[in-house]
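**Q** Below are the sequence and a predicted model for it; my questions follow.
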Amino acid sequence: MRRRTTLVIVATVALLAVAVLAGMSVGRFPVAPGDVAALLLARVTGAPSGVAPAIETIVFGVRGPRIVAALAIGAALAAAGAAYQNLFRNPLVSPDILGVSGGAALGAVLGIMLALPVIAIQGLAFCGGLVAVGLVYAVASAVRGHDPLLVLVLAGILVGALLGACIALSKYLADPYNQLPAITFWLLGSLAAAAPADLAAALPAVLVGLVPLWLLRWRINLLSLGDEEARALGVSTVRVRVAVIASATLMTAAAVSIAGIVGWIGLVIPHLARTLVGPDFARLLPTSVALGAAFLLLVDTLARTLARIEIPLGVLTAFIGTPLFLWQLVRSRRGWQ
Amino acid sequence: MNARLEAIALDFGYRGHPVGRGVTLSLRDGEIVCLLGPNGGGKSTFFRTLLGLLPAQGGRVRLDGEDLATMARAAIARRVSYVPQAHAGFFPYTVRDVVLMGRTAHLGPFAVPSRRDHEVATGAIARLRLDHLAEADFTRISGGERQLALIARAIAQAAPLVVMDEPTASLDFGNQVRVLDEVRALARGGCGVLMATHDPDQAFLCADRVALIGGGRLLADAPPDEAVTPAAMRMLYGVDVVLRDVEIDAGSGRTRRICVPVGP
Amino acid sequence: MDRRRWLTAAGLLAAAASMPRAARAQHGRRDIVDAAGRKVALPARVERIYAAGPPASILVYAVAPDALLGWTTPLRAAERPFIPAKYADLPVLGRLTGRGNTANVEVVLAAKPDVIVDYGAVNDTYASLADRVSQQTGIPYLLLDGTFDRMPDAMRLVGELAGESARGEALARYARETVDGVSRRVAAIPPAKRTRVYYGRGPRGLDTGLAGSINMEVIDRAGGLNVAVEAGRGGLVQVSLEQVLRWNPEVIVTTDPTFFAAVRGDRLWGSIAAVRSGRVHLAPAEPFGWIDFPPSLNRLVGLPWLGHVLYPALFTDDLRAFVADFYLRCYHRAPTPAQLDTLLATAAPRPSG
């Protein structure tokens, strides 16, 4: 497994590099690869690049932030998915299970309906995600069930359904000519508007969320044994659970507030990573992060180049993710057990 | 070592749904205590309360003199290990991974197993002769092999007290004997073992003391010859038995008592 | 003598009995074929009109405000000052078809309309919806074509319907003159010289209308060249900033105040020609949008406004006077100078400092 892991890591890093270079070079605005190289070199050395300022704006102001955003969001969603799959002992779990996407969506919908500036919409989305999961956790803690995980999932379903109803109601009440299209586009997910300001907020959240997951990588393995067995082995499951949920929620809320609802990455990428390097979280986490980043970057690059208009990200990840998932299900003899 | 796990007038069960009352039982290092009792009699609930996995409904549990409820999980795990009934699991961890998980109690909160931990795990695997399965997928090996792997995990945990919940259930005859041999080896090495079993013969085979739990109450706590009587079996299981001493070694004249159910 | 008295009495009785019938025959019923080809039987006198959606309510309000039973959505605080109180206070009855039914059929019946008027897209779906509602309620249901060119016809019909033929005719002529006036002036502009416009919607300004979408109708008629035409035909879509930078429009028109407030300070948008020259314009929306939604006669005022915005050299007449006149004719209240200032605040370019 060691040798295989190294191979996988090398391959993933190579994939990332290719994805980044491809992303930098393609797009609606014609930019020669030579210009990209010159600009990057100029940034590093500090010398002037000799490239037109318009192109520099495109590369560093528009494409660059979009690429970094795609990497960060792909990494965040994949990491959150991998952690949740261990936490809930279920390989079919996605980061949305505790309602973070629903809460973030409701926050954004409210922001759009109140005609707030973009940063407020994103802020509301972020807070909405955190509040939703907080609510789920509070509800689950109030219910003294035998199985804390089951209670969490049920609370997540309940709160998620409630949030979904609120969003549906908001869409119903929204002005159909102006607000409703804006809401619809936002919910479909897109990185078309990724700006450096978005990164300043989202990137730290993603990095802060990854740290606890990395530190607790061994104990997260034990979470897959179930609450009782993990405790019998010496893990304070409540604390680890809170840490995992907090980290995953932070990362996912940040991702959704920037990009809207992008599904499938949290579900499919950890699966793929698990078949490549096995379930040990110390290997699974970095592999998921790298694969998730590369995958979302490639999908986003497709989203902005396949057609003349932007294809919503959430739609494309589903279209690409579903066959990928099916293929992997069919071909792997082990399944996930 | 000097480890000691005691239940003192322990009431166990769930809030609003008591399962057992007033059980006082202790386990010291170096001894084997077998817990006999019918299905649904409360053995599993008792174990979980004993390990602090369920809150006590009344009375308390002490570990080395300290109240269990005040101790941290890692501290408890360094003194007591738990071998549950084997289950398949959801993710394809290897047997080595599973055995390594036993080392967690000795690790800091952010640490991963060190080389020393790996060595201990390898030793535990070797001791149970599972080397050929070390890299196998835990979810794909047989039930018996899984149970042995969990025992190896408890060995890797290196706690002086071991609590086992019906460790021979679903094992073939050969593996049952292997497990019981291992239990005795543990006790010889100084560990205290509390083992739930459904088979009185196992009690005769390895127990220093037998505790009978039925209807949520402790009905007996005595050496096997005294605790396992036809009257006790009838009360516990509703089964008529005869007890016989069987010579197992002609040379030394050693006998072992067996418990044979008599049908109509 | 007795027989004559008898006959007179009988004759008077018969006359009395036949009076209501005669009265009915006098008012009679008439059949109209609506825009979907449906034959609709209407009472000769229509005093209560139920508008099925926002475009219809604006149409009826303009032509026959006293016949309008109510609005489909509540008027917002910013919209009320432009409408006389007695009309602004009309009840909110909900919309009957189209994007989201919020009307309760019982509410419709309780309002006792003589006819339901719907103004907008005409296709089989809407026609069948119209038939259903009509059958269910027993109230005649008229579908009118909402396209720009048929606006004068719609105005005339509603005028005739509600006994306001004079006003209907006047408005129809006014609409025709306004549209033709703009078309004439922009017709002479060769395609190469057309002002390139980007129409940005949504808080980030990246939702736009493709060629042929209803949002772009008024912009097209005002002679603007939609930069998004190269992305094909269709409705409302999302584009990326990179694309807008490549199109580099000369003028940006938006309906979103958030985007309008942010775009001129944004470093990335700042490199676009429109932003540099200050030709970023927020389309007014009080009481009803000037250039796209709802798609009704409210868009008429947007035409000359856009003309001024896109071709200031060509459109030199008094926009202010036109707007004041339009509001008086169609919304029945002349705007105050302060209100006019607010409405026209974004018409002129504002080069960044």
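**A** Structure's in. What do you need?
**Q** C-alpha from now on. contacts and neighbour counts both.
**A** OK.
**Q** Check the stretch 151-264 of chain B for the residue nearest chain A and tell me.
**A** B:Q157 (8.0 Å; CA to the nearest CA).
**Q** Could you find the closest non-adjacent residue to that residue?
**A** Excluding the flanking residues, the one nearest B:Q157 by CA to CA, 6 or more residues apart in numbering or on different chains is B:G102, at 4.6 Å.
**Q** isn't C:Q243 right next to A:R28, touching?
**A** Yes: here C:Q243 lies in contact with A:R28, judged by CA atoms under 8 Å, at a distance of 5.6 Å.
**Q** show me where pLDDT drops low in chain C?
**A** Applying pLDDT under 70 to chain C flags the ranges C:1-2, C:6-28, C:97-103, C:352-353.
**Q** all helices for it, in order.
**A** For chain C, the helices defined by DSSP state H cover C:2-27, C:54-63, C:85-88, C:105-110, C:124-137, C:151-161, C:165-187, C:217-221, C:241-247, C:257-263, C:273-276, C:302-310, C:319-331, C:337-344.
**Q** Of these, which is nearest B:P38?
**A** helix C:105-110 (67.4 Å; CA to CA).
**Q** What spatial separation is found between C:A44 and chain B?
**A** Per CA to the nearest CA, to the nearest Å, C:A44 is found 76 Å from chain B.
**Q** er, A:I119 actually
**A** As for A:I119, its distance to chain B is 36 Å (criterion: CA to the nearest CA).
**Q** Ok, A:L150 next?
**A** Distance from A:L150 to chain B, by CA to the nearest CA: 16 Å.
**Q** Quick check: which element contains that residue?
**A** helix A:148-173 (DSSP states H and E).
**Q** Grab the most central residue of the chain for me.
**A** Looking at chain A here, since you left the chain open. In chain A, the residue lying closest to the centroid (CA atoms, centre = their mean) is A:L77, at 2.5 Å.
**Q** try again with chain C
**A** By CA atoms, centre = their mean, the most central residue of chain C is C:S296, 1.6 Å off.
**Q** residues contacting it?
**A** Listed by CA atoms under 8 Å, 6 or more residues apart in numbering or on different chains, the contact partners of C:S296 are C:55-56, C:58-59, C:119-120, C:146.
**Q** Around chain A, pick out the residues from the stretch 1-150 of chain B.
**A** Taking CA under 8 Å from any CA of the partner chain as the measure of proximity, the stretch 1-150 of chain B contacts chain A at B:51, B:53, B:72-78, B:81-82, B:84, B:89-93, B:101-102, B:104-105, B:109-112, B:139-140.
**Q** how about a cut-off of 6 Å?
**A** Residues of the stretch 1-150 of chain B that fall close to chain A, judged by CA under 6 Å from any CA of the partner chain: B:73-74, B:77, B:90-92, B:105, B:110, B:112.
**Q** quick one: which of those is nearest C:T258?
**A** Checking the residues of the stretch 1-150 of chain B next to chain A one by one against C:T258 (CA to CA), the nearest turns out to be B:F110, at 46.1 Å.
**Q** For that closest one, give me its contacts.
**A** With contact taken as CA atoms under 6 Å, 6 or more residues apart in numbering or on different chains, B:F110 is in contact with A:215-216.
**Q** what does B:R209 give?
**A** Applying CA under 6 Å, 6+ apart to B:R209 gives the contacts B:33, B:222-224.
**Q** ok, how many other residues are close to the nearest residue to C:G235 once chain neighbours are set aside?
**A** Spatial nearest neighbour of C:G235, excluding adjacent residues (CA to CA, 6+ apart): C:S213 at 4.7 Å. The number of residues packed near C:S213 is 13, by other CA atoms under 10 Å in any protein chain shown.
**Q** State the pLDDT value of the residue nearest to the centre of chain A.
**A** Looking at A:L77, its pLDDT reads 97.
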